[in-house]
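[1] what's the 3D shape of this:
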Amino acid sequence: MSRLYLKVYATIIAMLVVFIGLAALLWQLAYERNRTPINYDVISELTGALLPGADAPLVEQQRTLDELHRKLRFDLALHRPDGVPIVSAGRAAQPFDPATARTGWRRGRGGPAFTLQLADGRWLVARVARERTHPAIWLAVFLGVVAIAVAVGAYPVVRGLTGRLERLREGVDRLGGGDLAARVPVEGRDEVAALARSVNASAARIEELVAAHRLLLANCSHELRAPLARIAMVAGSMRDDADPALRAGLRQDVAELNRLIDGILLSSRLDAVRTAERPENLDLLALAAEEAAPFEADVTGTPVSVTGERLLLRRLVRNLLENAQRYGGPGPIEVAVTSDGARARLSVSDRGPGVPESERERIFEPFHRLAGSHEDGRGSGLGLALVRQIARRHGGDVRCERSASGGSVFLVDLPAG
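    Down below sits the predicted model:
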């Protein structure tokens, strides 16, 4: 039982059951304590005075028993000391064994019966004409009806409260998933509604801070282009007798910074806009083959249609190919496209040293690079982060595994169009 409303509702029902049991028990104890002690000897004397003697004619005994039956509304039977029936009024007398009989109430085959031995040895058996339900049963029935009424009335209240909590959780989950525009419904005026308002206020503040951060990052990235352009222009106008290595290094640094700025701006845009802006149906195999041509990679597979943004999916494939070329060693890069009907899968394999298992998830974090990869200045640590952002934007994901050749294989899973 993992749902909150079931736990709360079950607690209410359990409390009602315990209350009913305790109420019935206390009532029974009080009933037994307050019962008036019965002096059966006195009753025997009084009853004997009402009935004719043992030697009275049967007609007289029958008439007296019929009169008592009419007044008391009990089925009566008069037996001899040896148990043989003498006369009866009402229902037929039940078999009676004086050897096992005792004075007082007993429950027999014909229902509750009161047995009394008269002073002259005769036995009078009085049975309830219609068996009456014990008062404790009526009390239990009444409390059961009350419990059912409370249970039926409590369910919508409990379900309504926990339903609001579930909707609050769903809103917080959307917020935690990156949808900063998500808000939770504010229902009612109680503590849950106050919590919902607090969550919405916090979400609005977080959205403002993240938006300001993205704007600052975009502006800084944009402003960096001007000095980079001037540096590139200076590098291009350097004298012919300048150090060729210096000129090439400047051009490479400028190109690397430009790629980094493009990656930062693209990452900010993907965070800000989470739905496809210009989706179209694309052949993933053809797109991969076009991007793989400059890298001389081997492309195999079957044509698979996917729906997405052409430029973003091209960037995804290109980043994977650049990563394989940069870290995958001298072996060939292998690209494969497959499909199982509902999903399209793109794999990019290399023959490099591979990625340690402990790092296979962290390499998709922005600006995270494997130990030693930063020493030669290769890469910025943003390429694979963009791959994951683009894949998730299209309803898929990416993961890194060890390939059969010992290198790394990056597997991209996307919905087939």
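
[2] can you show me the strands along the stretch 1-150 of the chain?
    74-79, 85-89, 104-108, 111-117, 123-128 (DSSP state E, counting those that start in this stretch).

[3] buried ones in the last one?
    Of the residues in strand 123-128, 123-127 count as buried by neighbour count, 16 or more other CB atoms under 10 Å. Using the backbone N, CA and C atoms, a C-beta is placed for each residue, glycine as well.

[4] same list, the residues you listed, but as CSV with pLDDT please.
    CSV is the format used below for these (pLDDT from 0 to 100):
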residue, pLDDT
Trp123, 86
Leu124, 87
Val125, 86
Ala126, 85
Arg127, 83
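
[5] biggest separation within those residues, which pair?
    Trp123 and Arg127 (12.9 Å; CB to CB).

[6] before we move on, the earlier item: of all the strands of the stretch 1-150 of the chain, which lies closest to Val306?
    Comparing the strands of the stretch 1-150 of the chain by CB to CB, strand 104-108 comes nearest, at 80.7 Å.

[7] what about stretch 370-389, average pLDDT?
    Average pLDDT, stretch 370-389: 70.

[8] whoops, I mixed them up, stretch 392-408
    89.

[9] kindly report the same for stretch 310-323.
    On average, stretch 310-323 scores 92.

[10] dump the C-alpha coordinates for it into CSV.
    Extracted C-alpha coordinates of stretch 310-323, given in CSV (Å, rounded to 0.1, in the frame of the first residue of the first chain):
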residue,chain,number,x,y,z
ARG,A,310,17.6,18.9,-39.3
LEU,A,311,20.4,21.3,-38.0
LEU,A,312,20.2,19.9,-34.5
LEU,A,313,20.4,16.2,-35.6
ARG,A,314,23.3,17.0,-37.9
ARG,A,315,25.0,18.7,-34.9
LEU,A,316,24.4,15.5,-32.8
VAL,A,317,26.0,13.2,-35.4
ARG,A,318,28.8,15.6,-36.1
ASN,A,319,29.7,16.0,-32.4
LEU,A,320,29.8,12.2,-32.0
LEU,A,321,32.0,11.8,-35.1
GLU,A,322,34.4,14.6,-33.9
ASN,A,323,34.6,12.9,-30.4
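
[11] and the strands in the stretch 301-417 of the chain?
    305-308, 334-339, 343-349, 397-402, 408-415.

[12] circling back: make a markdown table out of the buried residues of strand 123-128 and add distance to Thr64.
    Formatted as a markdown table, these follow (distance: CB to CB, whole Å):
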| residue | distance to Thr64 |
| --- | --- |
| Trp123 | 16 |
| Leu124 | 11 |
| Val125 | 15 |
| Ala126 | 14 |
| Arg127 | 18 |
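
[13] okay, domains of this protein per the record?
    4-35+135-160, 40-128, 181-274, 280-415 (automatic domain parsing).

[14] Val172 is nearest to which of those?
    Across the domains of the chain, closest to Val172 is domain 181-274 (CB to CB), at 6.3 Å.

[15] so which of the buried residues of strand 123-128 would you say is closest to Ala203?
    Arg127 (76.8 Å).

[16] ok, that closest one to Ala89 distance?
    11 Å (CB to CB, to the nearest Å).

[17] again, but for Phe19
    For Phe19 relative to Ala89 (CB to CB), the value is 45 Å.

[18] again with Leu195
    Distance from Leu195 to Ala89, by CB to CB: 75 Å.

[19] same question, Pro330
    117 Å.

[20] just want to know which of those two has more residues nearby.
    Ala89 (21 against 7; other CB atoms under 10 Å).

[21] contact partners for that one?
    62, 65-66, 68-69, 75-77 (CB atoms under 8 Å, 6 or more residues apart in numbering).

[22] pick the one among those closest to Leu284.
    Distances from Leu284 to those, taken by CB to CB, are shortest for Asp75, at 93.0 Å.

[23] show me what that closest one is bridged to.
    Arg127 (DSSP bridges).

[24] and which of the buried residues of strand 123-128 is nearest Val146?
    Once CB to CB is applied, the member of the buried residues of strand 123-128 that ends up nearest Val146 is Arg127, at 33.8 Å.

[25] re earlier: overlap in contacts of Arg127 and Ala89?
    Joint contacts of Arg127 and Ala89 (CB under 8 Å, 6+ apart) are 75-77.

[26] dump those residues into CSV; add neighbour count, distance to Arg174 and pLDDT as well.
    CSV is the format used below for these (neighbours: other CB atoms under 10 Å; distance: CB to CB, whole Å; pLDDT from 0 to 100):
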residue, neighbour count, distance to Arg174, pLDDT
Asp75, 22, 75, 85
Leu76, 23, 80, 86
Ala77, 24, 81, 86
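
[27] separation between Phe142 and Ala92?
    36 Å.

[28] and those two? which has more neighbours close in?
    Phe142 (12 against 9).

[29] from Ile148, how far out is the more buried one?
    Distance from Phe142 to Ile148, by CB to CB: 11 Å.

[30] before we move on, what about Gln117?
    The value you get for Gln117 to Ile148, if CB to CB is used, is 47 Å.

[31] what about these two, which has more around it?
    Taking other CB under 10 Å, Gln117 and Ile148 do not tie; Gln117 has more neighbours (19 against 12).

[32] surely the more buried one touches Val125?
    No. Gln117 is beyond contact range of Val125, at 10.3 Å (criterion: CB atoms under 8 Å).

[33] can you give me the neighbour number for Arg393?
    Neighbours of Arg393 (other CB under 10 Å): 19.

[34] same thing with Arg169?
    Arg169: 12 neighbours (other CB under 10 Å).

[35] that one and Pro303: what is the separation?
    42 Å.

[36] again, but for Val59
    On the measure of CB to CB, Val59 and Pro303 end up 113 Å apart.
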